[in-house]
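Enquirer: Predicted model and sequence follow; I will ask about them next.
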Amino acid sequence: MRVSFLKRVLVGPPMPLAQARHERLGKSTALAVFSSDALSSVAYATEEILLILVLAGAAAAHLANPIALSIAGLLIIVAISYQQTIHAYPNGGGSYIVAHDNLGTVPGLVAAAALLVDYVLTVAVSVAAGVAAITSALPSVQNHKVVLGVVFVAGIALANIRGVRESGRIFAVPTYFFIVSFGFMIAEGLFRLATGSLPRRPPPELPAAEALTWFLVLRAFSSGCTAMTGTEAISNGIPAFRPPESRNAAITLGWMAVVLGTFFVGLTVLADRLGIVPVPEETVVSQIARRLHGSGLFYYAIQAATALILVLAANTSFADFPRLSSLLARDRFIPRQFATLGERLVFSNGIMVLGAMAALLLVLFGGETHALIPLYAVGVFISFTLSQSGMVRRWWYRREPGWRHRLVINGVGAVTTGIVTLVIAATKFTHGAWIVVIVVPTLVAAFLAMRRHYDEVAEQLSLEGLARPPELRHTVLVIVGDLHRGVVRAVQYAKTLAAPNVAVRAVFVETDPARTAKLEEKWARWGLGVPLVILNSPYRSLLRPLVEYLDALQAQGDDHMVTVVIPEFLPGKWWQHVLHNQTALLIKGTLLFRKNTVVVDVPYLLKR
């Protein structure tokens with residue numbers, strides 16, 4: 001009762017299925033739910049570019065601007081490409097659906113595996129970066145960042161389990177607080193730069209650890225591409241929008257791309273103008289806010305907005321990971337439990353699994369953003385490339401109206417993201433991306449193995465080709481260790497299973513002849529006319545004589561069913577279980593997977 005009450009307080013009351021349509025999202029709320037991941041990446045993408053460039057000395061930091069502009073151009077290409085995908089797949093055009101529909105099963109599974117990995121990393125990276133923003137403003141909590149991260153993940157998971165619309169309300173305010181506060185800071189900084197009131201500051205002198213090569217620039221570019229993670233989220237979540245779903249989703253994607261590109265380029269330009277380079281104790285965003293406004297109220301507002309959007313960015317993954325998992329479960333590539341809607345009309349199993357995996361990553365990597373970043377973005381660009389390639393094939397074969405210019409748009413997207421995928425994989429491989437390169441094929445192999453299992457199950461259970469089923473013979477056995485009220489109740493139950501030609505017997509395994517004599521005496525009075533079979537066990541083994549007896553019964557033919565009835569008395573208090581042996585549990589475990597054997601437990605509950 002207490003557990004049920006606590007669940008209702010935390011999760012809320014169950015929702016009827018008819019309520020699902022009313023849980024749809026408008027554009028403004030959907031922007032908060034599906035774009036928080038993409039928008040939050042501006043808080044660390046510039047820093048990731050600079051972390052690589054300054055390896056060649058502080059003078060190389062000026063290359064961050066052209067790199068940011070290149071990534072913004074790539075963002076425009078991908079956003080326009082996904083808007084076409086949204087209109088082509090109004091029921092949800094995620095990379096898995098598009099690649100599976102147009103390129104085949106394995107490419108679709110590669111896209112799905114890459115996205116699932118990226119969603120887990122998104123939660124871990126976003127929360128770790130949000131905690132880093134908190135520790136920049138409050139260094140005293142630096143030693144508790146892993147605990148803070150796990151707590152944040154649990155809180156976001158709980159908010160999502162409460163339902164789509166309710167989580168949207170929770171996350172809308174922080175998202176728009178971030179947009180307004182960052183928009184004001186960037187607009188003011190760029191205005192001061194344009195009017196000459198923001199003097200250029202040279203970056204501090206840093207020794208060059210590496211030469212400035214094209215490979216280093218490409219590494220910086222691949223690190224900055226983390227700004228584009230989450231771009232595909234809206235195309236995955238089209239069914240969550242209010243009608244007309246495709247139009248609303250495409251508009252929301254356009255809003256997100258404009259805000260993301262503007263913020264990313266604006267922050268990078270300001271970092272270059274202010275001569276900011278990454279330092280361990282403070283984020284780049286924190287340094288920009290401090291240089292522009294000092295350590296006053298606005299600075300803490302920026303840090304609060306950064307921490308909130310980064311922590312809540314994980315919500316995008318909590319919106320999409322369960323939805324993608326449900327699609328894979330529907331197609332029988334992962335356990336079917338992932339396709340089940342919870343009481344609050346969300347895929348709660350997927351939410352809980354995502355939260356657990358992200359929390360584990362935070363613990364394993366010590367809550368360090370920079371330790372997780374090398375694993376990041378590889379998966380999402382694999383999915384970008386497969387999705388756009390699938391759209392190219394769709395336009396080429398279907399030749400729908402306007403297919404030529406649509407093919408060109410998606411073709412440019414596929415080629416561009418394909419090149420970027422290779423760049424990211426090559427430049428980050430030795431820095432941790434090899435883990436993703438191994439994990440994705442492993443997941444695909446697991447998906448295919450589960451599909452084979454489900455196919456085999458379906459084939460073996462199919463009624464196709466089934467001849468008239470043979471008549472079954474049936475024997476009911478009651479396992480007896482003593483004779484008490486619980487055993488009498490079990491014998492009564494066993495007799496109700498007996499049809500005219502069904503034999504009912506009680507089976508006792510003799511380990512002590514003295515007990516056997518007493519049992520036979522009581523059985524004559526209380527056995528209800530059921531014959532008692534005594535199996536001798538000279539070595540005091542309970543299970544071996546029982547299994548051998550079952551083997552002898554079922555050796556008569558494959559049509560012989562045996563129902564084993566197990567009497568079991570249950571103490572009134574939980575701690576009293578340890579005072580009794582667990583013979584019934586042992587028998588049930590032994591017989592659980594035995595062919596043509598049905599195990600029935602007849603409980604007898606003792607008073608408290």
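Expert: Ah, there it is. Every value quoted in this text rests on a predicted model; they were computed, and no experiment measured them.
Enquirer: Just give me the residue closest to the centre of the chain.
Expert: In the chain, the C-alpha closest to the average C-alpha coordinate belongs to Leu354, at a distance of 3.0 Å (C-alpha atoms, centre = their mean).
Enquirer: which residue sits closest to that residue, ignoring its sequence neighbours?
Expert: Closest residue in space to Leu354, ignoring its immediate chain neighbours: Phe321 at 4.5 Å, by C-beta to C-beta, 6 or more residues apart in numbering. All C-beta spots, glycine's among them, are computed from the backbone N, C-alpha and C.
Enquirer: pLDDT value on that neighbour, please?
Expert: Per-residue confidence at Phe321 stands at 87 (pLDDT).
Enquirer: low-scoring pLDDT stretches of the stretch 51-200 of the chain, where are they?
Expert: Residues of the stretch 51-200 of the chain meeting the criterion pLDDT under 70: 93, 163-171.
Enquirer: could you pull out the helices for it?
Expert: Under the criterion DSSP state H, counting those that start in this stretch, helices of the stretch 51-200 of the chain are mapped to 64-88, 95-102, 105-137, 145-161, 164-194.
Enquirer: Of all these, which one comes closest to Trp396?
Expert: Taking C-beta to C-beta as the criterion, Trp396 comes closest to helix 95-102 out of the helices of the stretch 51-200 of the chain, the separation being 9.5 Å.
Enquirer: what sits against Gln545?
Expert: No, residue 545 isn't Gln; it's Pro. Taking C-beta atoms under 8 Å, 6 or more residues apart in numbering as the contact definition, Pro545 lies against 509, 535-537.
Enquirer: Next: Arg24.
Expert: The contact partners of Arg24, by C-beta under 8 Å, 6+ apart, come to 165, 240-243.
Enquirer: count of residues packed around Val439?
Expert: Other residues within reach of Val439, judged by other C-beta atoms under 10 Å, total 18.
Enquirer: packing partners for the helix or strand harbouring it?
Expert: Using DSSP states H and E, Val439 sits in helix 433-461. Using 3 or more C-beta pairs under 8 Å, 6 or more residues apart in numbering; DSSP states H and E as the contact criterion, the secondary-structure elements in contact with helix 433-461 are helix 105-137, helix 378-398, helix 403-428.
Enquirer: As TSV, the ones you listed with mean neighbour count and distance to Gly366 would be great.
Expert: What follows is those, written out as TSV (neighbours: other C-beta atoms under 10 Å; distance: least, C-beta to C-beta, whole Å):
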stretch	mean neighbour count	distance to Gly366
helix 105-137	26	9
helix 378-398	24	21
helix 403-428	19	19
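Enquirer: Dump the ones you listed to a markdown table, plus distance to Thr590.
Expert: Supplementary listing: the helices and strands packed on helix 433-461 in a markdown table, determined by distance: least, C-beta to C-beta, whole Å:
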| stretch | distance to Thr590 |
| --- | --- |
| helix 105-137 | 38 |
| helix 378-398 | 44 |
| helix 403-428 | 50 |
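Enquirer: which one of the ones you listed lies closest to Leu310?
Expert: For Leu310, the closest of the helices and strands packed on helix 433-461 is helix 105-137, at 3.2 Å, according to C-beta to C-beta.
Enquirer: coming back round to it: quick one: which of the contacts of Pro545 is nearest Val106?
Expert: Of those, the one sitting nearest to Val106 (C-beta to C-beta) turns out to be Val509, at 53.5 Å.
Enquirer: Given the helix or strand the closest one falls within, what are its sheet partners and their directions?
Expert: Counting by DSSP H and E, the element that carries Val509 is strand 503-510. Based on DSSP bridges, the strands next to strand 503-510 in the sheet, each with its direction, are strand 473-480 (parallel), strand 532-536 (parallel).
Enquirer: out of the helices and strands packed on helix 433-461, which comes closest to Pro66?
Expert: Within the helices and strands packed on helix 433-461, the stretch nearest Pro66 is helix 403-428; the backing value is 15.3 Å (C-beta to C-beta).
Enquirer: ok now that closest one, how far from the chain's centre?
Expert: Distance of helix 403-428 from the chain centroid (C-alpha atoms, centre = their mean, to the nearest Å) equals 26 Å.
Enquirer: Report the angle between that helix and helix 105-137.
Expert: Using axes from the mean of the first three to the mean of the last three C-alpha atoms, to 10 degrees, one finds that helix 403-428 and helix 105-137 are set 60 degrees apart in direction.
Enquirer: what mean pLDDT does helix 403-428 have?
Expert: 86.
Enquirer: quick one: the closest residue to Leu586 other than its chain neighbours from His484, how far?
Expert: What sits nearest to Leu586 in space, not counting adjacent residues and going by C-beta to C-beta, 6+ apart, is Leu543, at 7.0 Å. Here Leu543 is placed at a distance of 22 Å from His484 (C-beta to C-beta, to the nearest Å).
Enquirer: could I get the helices of the stretch 51-200 of the chain as a markdown table with distance to Asp559?
Expert: Listed next are the helices of the stretch 51-200 of the chain as a markdown table, based on distance: least, C-beta to C-beta, whole Å:
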| stretch | distance to Asp559 |
| --- | --- |
| helix 64-88 | 54 |
| helix 95-102 | 43 |
| helix 105-137 | 39 |
| helix 145-161 | 48 |
| helix 164-194 | 51 |
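Enquirer: closest to Leu253 out of those helices?
Expert: Nearest to Leu253 among the helices of the stretch 51-200 of the chain is helix 64-88 (5.8 Å), distances taken as C-beta to C-beta.
Enquirer: and the closest one, which residues are buried?
Expert: Across helix 64-88, burial judged by 16 or more other C-beta atoms under 10 Å covers 64-65, 67-68, 71-72, 74-75, 77-86, 88.
Enquirer: Output the contacting helices and strands for it.
Expert: Applying 3+ C-beta pairs under 8 Å, 6+ apart, one finds that helix 64-88 contacts helix 42-53, helix 214-224, helix 233-236, helix 245-273, helix 378-398, helix 403-428.
Enquirer: What segments of the stretch 501-608 of the chain are helices?
Expert: When secondary structure is read from DSSP H, counting those that start in this stretch, the stretch 501-608 of the chain shows helices at 513-526, 543-554, 583-591.
Enquirer: for the first one, which positions count as buried?
Expert: Residues of helix 513-526 classed as buried under the neighbour-count rule (16+ other C-beta under 10 Å) are 516, 519, 523.
Enquirer: ok now do the second one, which residues does it touch?
Expert: Going by C-beta under 8 Å, 6+ apart, Leu519 touches 480, 482-483, 508, 532.
Enquirer: Would you format the residues you listed as TSV with distance to Ser28, neighbour count and pLDDT included?
Expert: Output for those, formatted as TSV (distance: C-beta to C-beta, whole Å; neighbours: other C-beta atoms under 10 Å; pLDDT from 0 to 100):
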residue	distance to Ser28	neighbour count	pLDDT
Val480	69	25	89
Asp482	69	12	83
Leu483	71	22	84
Phe508	72	21	90
Leu532	75	17	90
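Enquirer: one step back: and the residue nearest to Leu354, what does it touch?
Expert: Contacts of Phe321 (C-beta under 8 Å, 6+ apart): 116, 119-120, 350-351, 354.
Enquirer: go on, Arg332?
Expert: Neighbouring residues of Arg332 by C-beta under 8 Å, 6+ apart: 450-451, 454-455.
Enquirer: What of Val509?
Expert: Counting by C-beta under 8 Å, 6+ apart, Val509 has contacts 535, 537, 542, 545-546.
Enquirer: Please tell me how far the strand holding Val509 is from the chain's geometric centre.
Expert: Relative to its parent chain, strand 503-510 has a centroid offset of 50 Å by C-alpha atoms, centre = their mean.
Enquirer: Send me that strand as CSV with only the CA atoms.
Expert: The C-alpha coordinates for strand 503-510 follow below in CSV (Å, rounded to 0.1, in the frame of the first residue of the first chain):
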residue,chain,number,x,y,z
ALA,A,503,-4.5,-40.4,-12.4
VAL,A,504,-3.8,-38.4,-9.2
ARG,A,505,-1.0,-39.5,-7.0
ALA,A,506,1.0,-38.2,-4.0
VAL,A,507,4.7,-38.5,-4.1
PHE,A,508,7.0,-38.7,-1.1
VAL,A,509,10.8,-39.0,-1.3
GLU,A,510,11.9,-41.1,1.7
